[in-house]
Each structure stands twice: as C-alpha cells, then as structure tokens.
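Chemist: Please find the sequence and the predicted model below.
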Amino acid sequence: MKIVVLAGGISTERDVSLSSGTMIYKALKEKGHQVILLDAFLGYEGDTAHIFESDEDWTKEIGAVKEQNPDIKKIKAMRPDGDKVFFGPNVLTICQGADVVFLALHGENGENGKVQACFDLMGIKYTGTDYVSSALCMDKGLTKEMFASFHIPTPRGVSLKKGEKDKREVPFPCVVKACCGGSSVGVYIVQDEKEYEKAKEAAFLYDNEVIIEQYIKGREFSVGVIEGRALPIIEIAPINGFYDYKNKYQAGSTIETCPAVLNEKKTEEMKGYAEAAFQALRLKNYARMDFMMNEKEEIYCLEANTLPGMTPTSLLPQEAAAEGTSYGELCEEIIRISLKNA
C-alpha cells in the first residue's frame, strides 16, 4: 500500500508530531508498505514522479526532534510563503498519489479539522476522524458543552476570551488552560489570585480563549476508543507535578499502569463514559479520552484527543499492547478502519 505519513506542521506540538510520525513511518515500512514521511509545512522539493518506489530514508528528510517548544517563527521563515500557505511544496500532490494519508499531526492545523476538510475536497483518504468532530474536539469549551448535553461528567468550568471582563466562578485551586491547545501546552494549576493572573497571561500567548476549570485532585486515566469500543484503561501517575508536556514525553517521568488497577464496576463505568464521549462528539475510527477520578471515586471526563500521540511514551499504543496488539498492527488497524469508513 502507498502511504504518506504526514507530520510536523507549525503548531506548538510540532516536535511531538515528528516523533509520532517517525515511529509510524518505521512501523509501516517494516510491514512492507511503500511509505513516505512528510513534513506538512516544509514539504518536499525533489522529483515526485516515482516517489513511492524510492528507497530513500525519509527520517533524514525530517531530521532529529530537538526541542520542547519549537521556534515556529524560525520554521515559517524557512519558506518564502510561510505566513500565507500551510502546505509545503508538493505535499498535496504526493498525498493525492497515496492510497491513504496517516495523519500524525498534532495541535493546530492537524487536529482542528482544516487539513481534513481540505483532503475531503480533494478526494484524499486519511486516518482518524472527520473535519467536523476534529474542530469540535479541538475547542475545549465546546467539548465541555457537548459532555454536559449528553450527561457525561466533566469538571465545572467557564471560558474567557482575551479582552473580556473576567467573571471567574471557579474557586481555587483551579486549572487555567488554552482553549485549543494540546499535549498540556498552556495548562496551569493555580492556587491563588497572583498565580491565576500569571497563568491567564501565559495561556493567552497560545490562544485567544482560555478555559478556567475546577481542579480535580485524584488519579488520572486515559481510555482509547477504536470504532466505538473502549480499550483497556491506562493510569498515569507522574513522579513529579502533573501530566504536563515534560511528563508526557520524557521517558521515566511517569508511572503508567495498563490495565489500570480499578474494580470491575469503576472499570466499566469509565469505559462507558469513554464510549459515550466518542458518540457524543461524533467521532469516527479512533480517539482517546482523558479522565480524572477524585478521592470519592467520582469520574470526570476532561477532553478528547482526535489524533492521539504515537510516540515511544504515548498511551494509545500501550493500551493496544495490553490486548496483544503490536505497534505495527495498531497502525495497520487504524488504516483499515479509516479506509472502511471513508
């Protein structure tokens, strides 16, 4: 099968995306597919005539993932039209020549539905959910409204746009986070007014809207859902702090237990909420839901991830492995169901 793994881009999660894309590329190559790894923004300047027959090592084109917060201005400056056009040279042409595009993009212009909408118009088949559910899940405020409509428990919270008068209704401690961020970029747990004001200022650097949310103290979990069916639950216990960017992607920073140690009732309850969230948000093919459980064992669904990470420390591959599905098999399964439901 001819497959493009599309990664990179210009979001704050660019380096996470490159890490996911590199692993997916290698796994699919090992499965015998004709695979190309492309940076969606930087594209490819070479000859595309017989590109899928090339023996080129595409990880060399991508380069090493070097930093936590990539310099997006520097990346944009690498293209003369970098401030105007998202897709790099030949990206759409190469994607049109593939049987399917495996979306390894994270964050803006990857999970917000814009790429998916463009591909729909061009007849390009891709993995993951569609543009409507992508856009819905990218907006944490809208996600919370949908959870409330479908009686899926979620932390109490309000949204605040830049320049609006702040009418904070959530007591301290609370969570301040960018409305459309990911990988816990722009997320802050605050204890008092001084920390709150500082966190708002920082979160507004990532987005023009922030969510102020009830802080849930307790255990953290994640549940992958494939075609509406929940995978084994994974518990995430950071050694220090909360499950932020560093603890997500630095090996050894977090203790992860899969299947999570929960009684049967709580296991079924959480899986049920994960599957209900999948349906409520109109998701297709696969996604991952994040949860907190407080000291009273009350469960809260935090958000949905429409293109879950596939890095060496990511959660979805660990959940699949708990059912006996290898990383390569998971990649092929994602492609299979995405093509079936296209």
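Modeler: Okay, I see it.

Chemist: Quick check: which element contains residue 21?
Modeler: Per DSSP states H and E: residue 21 is located in helix 14-30.

Chemist: CA atoms only for that helix - export them in CSV, please.
Modeler: What follows is helix 14-30, C-alpha atoms only, in CSV (Å, rounded to 0.1, in the frame of the first residue of the first chain):
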residue,chain,number,x,y,z
ARG,A,14,5.4,20.1,16.1
ASP,A,15,8.1,18.0,17.7
VAL,A,16,5.7,15.6,19.2
SER,A,17,4.1,15.2,15.8
LEU,A,18,7.5,14.5,14.2
SER,A,19,8.2,11.8,16.9
SER,A,20,4.9,10.2,16.3
GLY,A,21,5.4,10.3,12.5
THR,A,22,8.8,8.8,12.6
MET,A,23,7.6,5.8,14.6
ILE,A,24,4.6,5.3,12.4
TYR,A,25,6.8,5.5,9.3
LYS,A,26,9.2,2.9,10.6
ALA,A,27,6.5,0.5,11.7
LEU,A,28,4.7,0.6,8.4
LYS,A,29,8.0,0.2,6.4
GLU,A,30,8.6,-2.9,8.5
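
Chemist: List the buried residues in it.
Modeler: Of the residues in helix 14-30, 14-29 count as buried by neighbour count, 16 or more other CB atoms under 10 Å. Every C-beta, even on glycine, is put in place using the N, C-alpha and C of the backbone.

Chemist: Surely residue 111 touches residue 304?
Modeler: No - using CB atoms under 8 Å, residue 111 is not in contact with residue 304; the gap is 10.0 Å.

Chemist: list residues touching both of those two?
Modeler: Taking CB atoms under 8 Å, 6 or more residues apart in numbering as the contact rule, residue 111 and residue 304 both touch residue 137.

Chemist: circling back: nearest to residue 300 among the buried residues of helix 14-30?
Modeler: residue 16 (24.6 Å; CB to CB).

Chemist: Could you give the secondary structure assignment for the closest residue to residue 14 other than its chain neighbours?
Modeler: Setting aside the residues directly before and after it, residue 14 is nearest to residue 70 in space (CB to CB, 6 or more residues apart in numbering), at 4.6 Å. Following DSSP: H, G, I helix; E, B strand; the rest coil, residue 70 is assigned to coil.

Chemist: Then residue 210?
Modeler: strand.

Chemist: Which positions in stretch 72-86 come out as buried?
Modeler: Neighbour-count burial for stretch 72-86 flags 72, 75, 82, 86 (criterion: 16+ other CB under 10 Å).

Chemist: any weak-confidence spans in the protein?
Modeler: By pLDDT under 70, the weakly predicted segments of the chain are 61-69, 181-186, 240-253.

Chemist: Which parts of it are helices?
Modeler: Using DSSP state H, the helices assigned to the chain run over residues 14-30, 58-62, 72-76, 91-96, 114-122, 131-138, 140-149, 193-203, 245-249, 264-280, 315-322, 327-340.

Chemist: And for the fifth one, what's in contact with it?
Modeler: Right, the one you point to is helix 114-122. So helix 114-122 is contacted by 6, 40, 86-87, 92, 95-96, 101, 103, 105, 109, 125-126, 128-131, 134 (CB under 8 Å, 6+ apart).

Chemist: Can you turn the buried part of the residues you listed into a ChimeraX selection?
Modeler: Entered in ChimeraX, the line below selects the buried ones among those, by 16+ other CB under 10 Å:
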select :6,40,86,87,92,95,101,103,105,109,126,128,129,130,131,134
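
Chemist: Out of the contacts of helix 114-122, name the ones that lie in strands.
Modeler: Mapping the contacts of helix 114-122 onto strands (DSSP state E) picks out 6, 101, 103.

Chemist: quick one: contacts for the last one?
Modeler: Applying CB under 8 Å, 6+ apart, we find residue 103 in contact with 6, 110, 115-116, 126-128, 307.

Chemist: can you list the buried residues of stretch 72-86 in TSV and add distance to residue 273?
Modeler: Below are these laid out as TSV (distance: CB to CB, whole Å):
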residue	distance to residue 273
72	35
75	38
82	41
86	35
